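1. A structural model of the following input is requested.
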Amino acid sequence: MRGLGVSCLVALAMVVVLLPQQSEAQVWESLLPVLVDRIKGLWRDGEFEFMGRTCNYTVNPKIKRWQLYYRGRMWCPGWTSIRGEAETRSQSGVVGKTVTDFVNKAHNAGLITEEQAQQWLAGQ
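-> Take a look at the predicted model:
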């Protein structure tokens, strides 16, 4: 039984030695597309409908005190110059906080009623 274990170990070592080793360049070639996709995914932009109007949003990464933050902005061209803005550590939560800021500013400017603001914020 001991001879079988040694034989298996020798066979495993031979397989590892005989397998073609990837060069450092090949490793980078395989990792680079993944890294690029991850980095590109930090930025987002899009459109959505807000109270019957088409609005835009952007999310951009930001390094602050050696930590990754996300800054969100929202605006509705053709309706108002108000911009919603927020900054959080959460990429998934920054758009919601940005919209909340926009709703509060729109309400304070008299563009939407308290009831409309509450209905929109309750749906978030």
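2. wait, doesn't residue 90 sit right on residue 70?
-> Yes - between residue 90 and residue 70 there is a contact under Cβ atoms under 8 Å: 6.9 Å. Just so you know, the C-beta spots here come from the backbone N, C-alpha and C atoms, and that holds for glycine as well.
3. between those two, which one's more packed in?
-> Remark: of residue 90 and residue 70, residue 70 carries more neighbours, 23 against 12, as counted by other Cβ atoms under 10 Å.
4. ends of stretch 44-60, what's the gap?
-> 7 Å (Cα to Cα, to the nearest Å).
5. buried residues of that stretch, list them for me.
-> Buried positions in stretch 44-60, judged by neighbour count with 16 or more other Cβ atoms under 10 Å: 44, 50, 55, 57, 59.
6. so how far is it off the chain centroid?
-> In terms of Cα atoms, centre = their mean, to the nearest Å, the centre of stretch 44-60 is found 16 Å from the chain centre.
7. do you know how far residue 100 is from residue 115?
-> Taking Cβ to Cβ, to the nearest Å as the measure, residue 100 and residue 115 are separated by 16 Å.
8. what does stretch 84-93 rub up against?
-> Stretch 84-93 is contacted by residues 42, 44, 59, 62, 67-75, 94, 97-103, 105 when judged by Cβ atoms under 8 Å, 6 or more residues apart in numbering.
9. please, where are all the strands along this protein?
-> Here the chain has its strands, by DSSP state E, at 44-50, 53-64, 67-75, 83-88.
10. same list, those strands, but as a markdown table with mean pLDDT please.
-> Listed next are those as a markdown table, based on pLDDT from 0 to 100:
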| stretch | mean pLDDT |
| --- | --- |
| strand 44-50 | 91 |
| strand 53-64 | 94 |
| strand 67-75 | 96 |
| strand 83-88 | 96 |
